[in-house]
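S.K.: this one's sequence-less:
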């Protein structure tokens, strides 16, 4: 079940970077929801390559088709099949790469695991696999928005050592995020980041970054003790994405340096609900949403595929110099934004549905 | 299924901090393994409270009983029931706390989720719930060690802003870790940390910290694409622990500042296997173990329960001053060490078993 | 996960016929339900051995203890641990049986599967394993009754070739069922069956039978297409019981001989709901409950352990004559009645909870 | 997860009878298996409508496309996407049927469950849904055959009251089964059955039947106690098929009339393994395969859709006369044969893979 996520709103993805296509089945979508391809295409468009000169120029329209589960524009409650065709079905001539596992890629580990691997393009370890997730997550977003008013917004909060400043998680919007190529809602920060990415691009190198995400209007009570805590499920979802190396919620690693008297979030009445004065918890207490915004951050390493020659070894252990062909994203975090949002939606909706059966 | 973890080696925990006891069922343990309570008790002893004047003085022997699944000292392949009795079965008189949700505790969210909650002691959100995990994980450790020679060692790498230095993940041992109360294998660092914890204890406060963990001799090939990647499953497991706020593997958040040319781990022949020169990946490529040591870090916030008076609100939103009675751990990370190790073992063994069916 | 059943109301059983005890964890029980051991003990008492001179005289009180998940008589929403101690913890001296797999028992297959087996008493294949199911199912019954008014009644409908007559599934009650030792609510039929069982007992033989079950007041809409149909889940649940060889719902095997024009159940208005004139479907259409009574039958083979000498082979294939010691039930169906009812309850409640999330 | 089956070899189906198409994702197929569409198409062809004048004339080529998981004719170990396009994507004008739930169909229960339903053709309750299962099961069959030599053969053993005679489960072959339209390997029996089906067809009626199935060369040890017993999983799989009303294994319901001394299968050495003289168990002891042939039978009710006018009620409870348009199979059992075989293969392979991890 390595390719399935969720207990009640369950997505199963399929597809390699080459082959007929990639996609997903969504099982457990409630019936009677208005749904068409247009509801899904928006996030796929934000995810797809070739959006600017800062991303990989691979040309893929990534148009989604709904195969099942919807009739006359309404969900039937049955599995929703989602398919995006690959433009280029035949593996290219990757030549040298077949003999040499790319450093910090999954070529070596897939071979070790399966005794074989997709001949090129990374197969299931390709970023292309995330298409099925984004398509499914776009459906989850719609339900969360319509039924509970949940708003999910992710943004680039750092590229390399360039940190974003001046962003208010309580107010930041997707429009602000999409106002520039970097997807950092603070203009000045975005500008610094763009400069850095262009410099990296010129040196045929790559650079890492951090994506922050806020989920607003999540009601108190979502998340299952013990193992399926909201933060635990988010952590799994985020670390399941290619190139991620870390996850933190609320105060995160920085919070480990605080004392309890500084870190504790005192309760206070907020309108008709009990809220907290501060939100070091990141909206989660004991693995269950508190009603405060859910706030988390995801670390992305620099993309492994770079244009510079690299000294490494082939599968037989012989030392070789590897030079990647083609061009790749110098920095993945701008395109990661919609992926983080939709993955968060998948986690939240599944836990929301599970919460529906908790009280007698 | 909120209280179950694993696909083939599956642990289901039960029990509140008060009530008859806490424990777990382990389903899927291979048959024919030598197993007795003694194999499990060691990690439980490292986990239990009252080990020193730096931890909560709650006196619990935490003696485990095997209820089923073992006969004549050998596992039968059937579910292994594990039970640790609570010493104090009756909820104490928590008085005021019944009306006031403790800041940064799960009192409020359990109430919001279930419309009720254990009257005291945190119920399932109590650290006591981890007993079942540790007991189950001790069995997993034994299998990993005997079948694959896997060594798992965790240690305290920071308390507050005191960072450990001079620790070699390739060599660090549990004996070194247990050589001091803090469980930091570098003496000088441990000494600085202990001073800090004592200071915090005197001010009736608490402090956070970071636990690092290495898993050595993990063969290449463990971990399931897409959602059940080794790092994703570790992230879920770690964030499912009380008081955790972050997880990072390999280069983690710091690695986001590097360029690909610095971060990539070149391949090189190492004896009879292909290894990497550096290990920024933390032993995982594409979610699958590479054969290099698996290295990760877990962030723990400061304990929420402090002796200092706190300004907060009761369930009705009325402002109150809360003073916690009794005494609690000023810093949980020393006792978290065996918990992290056994949780890592649960994740690794489940993926190891799943790998057994991957090749035709 | 061989010892777990259910998606949202999930029971995991543990325990061998010998050892400390047998029991179950119930994960997913809604919070706020009034629950005590007394709610569970009733069905355990109906299941336990030694109820009459017609059943095995093994003396076990089978008193259940709730280990967790309940406080002040109310469920917390957390896992409910259930434990019944074994009276006789040490495997008896089964002597010869250790070398000889009992015909039509699981001795041989457990040995083939695990390379070992419980030295006596059948281990997990013992009828004693059903204690955990019955305890868990008794909780499910209570919820079904209180929330939906569901009534589940099973009865013995045949012993050997003695068929029960004159039983109306719409009205039959547990009081009628328990009015005699055979648990056949028709007195005359019960008398014929009892005569047969006594004859079988005298000849140190055993005899099979059929248990029928009706579930009344099940609302329309329970059951999940495709694989988790209500009838499919019932079939799995029933065939997972020791000694069962068949399951049929509604018209069952006899219905295969009918024509569609005879078999179809026409719709008709019944009060405020649409019902059917006949109920050949057994209350399930397309795997989903229709609102009509759910009616099914389960076939039990004759108990394998008989007092007569049997010609068979030992594990090495050498021909031997086996004589079972002790005494066993000549016919299991009377004691199977509460097991069937509670298993049906586990299936129904799980699907009822899953239905709660089906509409947007 | 209503549309997924299996723990390690996991199939998830999708698709309505109308819409783009139907299909499945197979997750967990071992890597390195030779696989092409041709391996799958054979069983799909045996399943498809329009094979003779005795089946529904719906014209569908049911040509399968592999979307993913296979490269250069070898499986990658990644999810295998399988798609069969629907010929007629637009719901036809079912007119009257929209207002009237067809007797003994799922129209009423889908509406009750979801508050909506596919406007025609039965949606997921259509026999067309089984295409995904058959495609996935054909892959499972190939693995079982190549790795263990497992042979699975199903046949029609009764139509109405016409019983097949003279069939030896130890020897019956698919070639014999396919030698006539009825798929009964005994010619004389088949001829009687065909006469009956033609008579039923002429009267615009339908008739039920029974399919028997044998799985030969299943090694001892497959099947998981407690809930995932081999016979329990087969029962679930078979009852999850449209129009099924019963399942029995080995002696089944008839065996309930026997005494233990008659029913017990004595052990005897057979070549290099321990076997049994008789096989009343149907190849399963305690839920685990014994090494003897696995033998079971599945009851199919008469098809609900008949050409005769039926007195029934519409959704509002008003009495109406319904006349079905078009033509449907008068008897489904011949086309059910490959479905039963492939479903059995899905169950067996999943348990075979699970058995691989059972011994330490």
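M.R.: Perfect, I can see it now. Given the structure is predicted, the values throughout are model-derived calculations rather than measurements.
S.K.: rest of the way, CA atoms for contacts and neighbours
M.R.: Noted.
S.K.: so how far is residue C:86 from the closest residue to residue A:4 other than its chain neighbours?
M.R.: In space, and not counting its chain neighbours, residue A:4 is closest to residue A:12: 4.2 Å by C-alpha to C-alpha, 6 or more residues apart in numbering or on different chains. Using C-alpha to C-alpha, to the nearest Å, residue A:12 is found at 44 Å from residue C:86.
S.K.: Stretch A:21-37 close to chain B?
M.R.: No - against chain B, stretch A:21-37 shows no contacts by C-alpha under 8 Å from any C-alpha of the partner chain, the least distance being 12.3 Å.
S.K.: for residue A:226, what are its contacts?
M.R.: A:287, B:2-4, B:124-125, B:240 (C-alpha atoms under 8 Å, 6 or more residues apart in numbering or on different chains).
S.K.: Would you report the backbone torsion angles of it?
M.R.: Here is the backbone geometry of residue A:226 (degrees, to the nearest 10): phi -110, psi -50.
S.K.: And the pLDDT for the residue of chain A positioned farthest from its centre?
M.R.: In chain A, the residue that sits farthest from the middle, by C-alpha atoms, centre = their mean, is residue A:318; the gap is 36.1 Å. For residue A:318, the pLDDT comes out at 96.
S.K.: Please apply the same query to residue A:102.
M.R.: The model's pLDDT for residue A:102 equals 93.
S.K.: The residue nearest to residue A:4 against residue A:22, yeah?
M.R.: No - using C-alpha atoms under 8 Å, residue A:12 is not in contact with residue A:22, being 11.0 Å away.
S.K.: How many residues are close by the nearest residue to residue A:78 once chain neighbours are set aside?
M.R.: With sequence-adjacent residues excluded and distances taken as C-alpha to C-alpha, 6+ apart, residue A:78 is closest to residue A:69, at 5.0 Å. Counted with other C-alpha atoms under 10 Å in any protein chain shown, the neighbours of residue A:69 add up to 30.
S.K.: Verify the contact between residue A:69 and residue A:82 for me.
M.R.: No - using C-alpha under 8 Å, residue A:69 makes no contact with residue A:82, being 9.6 Å away.
S.K.: Show me what counts as buried in stretch A:125-138.
M.R.: For stretch A:125-138, burial by neighbour count (16 or more other C-alpha atoms under 10 Å in any protein chain shown) applies to A:125-138.
S.K.: ok, these vs residue B:233, which is closest?
M.R.: For the buried residues of stretch A:125-138, the minimum distance to residue B:233 (C-alpha to C-alpha) is 16.4 Å, reached by residue A:125.
S.K.: What backbone torsions are found at the closest one?
M.R.: Torsion angles, degrees, to the nearest 10, at residue A:125: phi -80, psi 0.
S.K.: Residue A:71 too?
M.R.: Dihedral angles for residue A:71 - degrees, to the nearest 10 - are phi -140, psi 140.
S.K.: ok, now how distant is the nearest residue to it once chain neighbours are set aside from residue A:31?
M.R.: Of all residues not flanking residue A:71 in the chain, residue D:118 sits nearest, at 6.8 Å (C-alpha to C-alpha, 6+ apart). Between residue D:118 and residue A:31 the computed distance is 11 Å (C-alpha to C-alpha).
S.K.: hmm, stretch A:299-310 touching chain B?
M.R.: Yes - Stretch A:299-310 reaches chain B (C-alpha under 8 Å from any C-alpha) through A:299-306, A:308, A:310.
S.K.: Report whether the helix ranked longest in chain A contacts chain D.
M.R.: In chain A, with assignment by DSSP state H, the single longest helix is helix A:333-355. No - using C-alpha under 8 Å from any C-alpha, helix A:333-355 never reaches chain D; the gap is at least 11.9 Å.
S.K.: That helix vs chain C: in contact?
M.R.: Yes - shown here: helix A:333-355 in contact with chain C (C-alpha under 8 Å from any C-alpha) through A:353-354.
S.K.: and that helix, what does it pack onto?
M.R.: If you count contacts as 3 or more C-alpha pairs under 8 Å, 6 or more residues apart in numbering or on different chains; DSSP states H and E, helix A:333-355 packs onto helix A:37-47, helix A:130-148, strand A:151-159, strand A:209-216, helix A:230-239.
S.K.: Could you export these as a markdown table, including mean pLDDT?
M.R.: What follows is these, written out as a markdown table (pLDDT from 0 to 100):
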| stretch | mean pLDDT |
| --- | --- |
| helix A:37-47 | 96 |
| helix A:130-148 | 98 |
| strand A:151-159 | 98 |
| strand A:209-216 | 98 |
| helix A:230-239 | 98 |
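S.K.: looking at these, which is buried most?
M.R.: Mean neighbour count, computed with mean count of other C-alpha atoms under 10 Å in any protein chain shown, is highest for helix A:230-239 among these, reaching a mean of 30.
S.K.: now that helix against helix A:333-355, angle please.
M.R.: 140 degrees (axes from the mean of the first three to the mean of the last three C-alpha atoms, to 10 degrees).
S.K.: thinking again about what came up before, run through the neighbouring helices and strands of the host helix or strand of the residue nearest to residue A:4.
M.R.: Assigned by DSSP states H and E, residue A:12 falls within strand A:10-14. Under the contact criterion of 3+ C-alpha pairs under 8 Å, 6+ apart, strand A:10-14 touches strand A:4-5, strand A:21-27, helix A:130-148.
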